[in-house]
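# Sequence first, then the predicted structure, then my questions.
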Amino acid sequence: MRAVPSWIFLGSLLMLSPAGAVHVLGTTGNTAAPGDDPGFAQVGTLNGASAVYLGNRWVLTAAHVGLGSVYFGGIPYAASGPATQLNNQGVPGMAAFADMILFQIGGDPGLAGLAISAGSPVFNDDLVMIGNGVNRSASRSYWNVVQGPNPADDLWTVAGGPGPGVEAVFLSAAGNAVRWGTNHVESVGDVDVDDGSGMTRSFYTDFDDDVVGRPNEAQGVLGDSGSAVFRKQGAQWELLGLTYAVSTLSGFDSIPEFPSSSVIDEGLTFAADLSFYRGQILQIIPEPGSAALAGAGLLGLGCRRRR
């Protein structure tokens, strides 16, 4: 995939909307953990959206998702105590707070903690995205588009199939499910995005509709913010990002069901760069294994994580 020219990226922000988990290009499945599992069980559902279990009863989600009972393995765990909204550490030009909150749940779901990436996203990093999104239609629908001169006035009519000037769209189907898909980092350098619920240091992916090259290619959809983006470093999976918004590089508007639940070529998914917020998270909760390592230290030798 290509780097996005800044003038196109800035224009895309006009269509920025709260985001979701994943539609997956080549399948309506992927609703069980992949063989090389980065943390499928640690992604739960919250208020019809997603949340990620970090360990020690701490959960991370997008601030605009809000608090409530988080479901892991179909079992609800009520929020316990107030939420902490992550901040931007006084970085010049950034608003005070990011679109992320960290809170504890009252019960122990019996899940392992996750490691948060200490390194920033790098262009073309391979990713696994896991979240609770609306289901998609089994196949594409095809549309003729007549673009109007003003915003939100493009006219879409159903076409009989693919052809010149015809756009393909994946529409939604009934229900939703936690599923996994893949993509890679498309952005280069820091991306600071204000989605109306905070300004968040971010990276993004691009949906290429490439069923041959990336059959599990993923794109976020509206309503499931708070889903997880993982990257593998050596033998270890790390939580690199938290999905919170979607947009598109397409020059079209009035796209059927977009951005609520449809997917079109050149869709963007925005995720918080958790390496930027890692220090804050570790001040609140320990990284997995820290208690055990601290205990070993007392014996003569002698650790961390996020929402």
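Cool, the structure landed.

# SS state for residue 275?
What DSSP: H, G, I helix; E, B strand; the rest coil gives for residue 275 is helix.

# got any ranges where the chain has weak pLDDT?
1-28, 135, 175-176, 222-224, 258-265, 287-307 (pLDDT under 70).

# all helices for it, in order.
6-12, 274-284, 290-298 (DSSP state H).

# residues of the second one that come out buried?
Residues of helix 274-284 classed as buried: 274-278, 280-282, 284 (neighbour count, 16 or more other Cβ atoms under 10 Å). To be clear about C-beta, it is placed using only N, CA and C from the backbone, and glycine gets the same treatment.

# Using PDB, list the CA coordinates for that helix.
Extracted in PDB, the C-alpha atoms of helix 274-284 (Å, rounded to 0.1, in the frame of the first residue of the first chain):
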ATOM      1  CA  LEU A 274      -0.600   3.000  22.600                       C
ATOM      2  CA  SER A 275       3.200   3.400  22.700                       C
ATOM      3  CA  PHE A 276       2.600   7.100  23.200                       C
ATOM      4  CA  TYR A 277       0.200   6.500  26.200                       C
ATOM      5  CA  ARG A 278       2.100   3.500  27.600                       C
ATOM      6  CA  GLY A 279       3.800   5.400  30.500                       C
ATOM      7  CA  GLN A 280       0.400   6.700  31.800                       C
ATOM      8  CA  ILE A 281      -1.100   3.300  31.700                       C
ATOM      9  CA  LEU A 282       1.800   1.700  33.600                       C
ATOM     10  CA  GLN A 283       1.500   4.300  36.300                       C
ATOM     11  CA  ILE A 284      -2.000   3.000  36.900                       C
END
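
# pretty sure residue 165 contacts residue 146?
No: using Cβ atoms under 8 Å, residue 165 is not in contact with residue 146; the gap is 9.7 Å.

# Pretty sure residue 138 sits against residue 173.
Yes: checked against Cβ under 8 Å, the pair residue 138 and residue 173 is within contact range at 7.3 Å.

# Settle it for me: which of these two has more neighbours?
A count of neighbours by other Cβ atoms under 10 Å puts residue 173 above the other of residue 138 and residue 173, at 13 against 9.

# what's the distance between that one and residue 136?
6 Å (Cβ to Cβ, to the nearest Å).

# Could you do residue 85 as well?
Separation of residue 85 from residue 136 (Cβ to Cβ) stands at 32 Å.

# which one of these two has more residues nearby?
A direct count of neighbours by other Cβ under 10 Å for residue 85 and residue 136 places residue 136 higher, at 23 against 16.

# is that one in a bridge, and if so with what?
residue 172 (DSSP bridges).

# Quick check: it vs residue 169, distance?
10 Å.

# for residue 59, same thing?
33 Å.

# For these two, indicate the residue with more neighbours.
Using other Cβ under 10 Å, the more surrounded residue of residue 59 and residue 169 is residue 59, with 27 against 20.

# Can you tell me who the residue nearest the centre of the chain pairs with across the strands?
The centroid of the chain falls nearest to residue 243 when counting by Cα atoms, centre = their mean (2.2 Å). Following DSSP bridges, residue 243 is listed with bridge partners residue 271.

# can you check residue 97 too?
With DSSP bridges as the criterion, residue 97 is bridged to residue 87.

# In contact with it, which residues are there?
Residues counted as contacts of residue 97 (Cβ atoms under 8 Å, 6 or more residues apart in numbering) are 63, 85-88, 198-199.

# Neighbour-wise, give me the winner out of those residues.
Counting by other Cβ under 10 Å, top hit in those: residue 86 with 27 neighbours.
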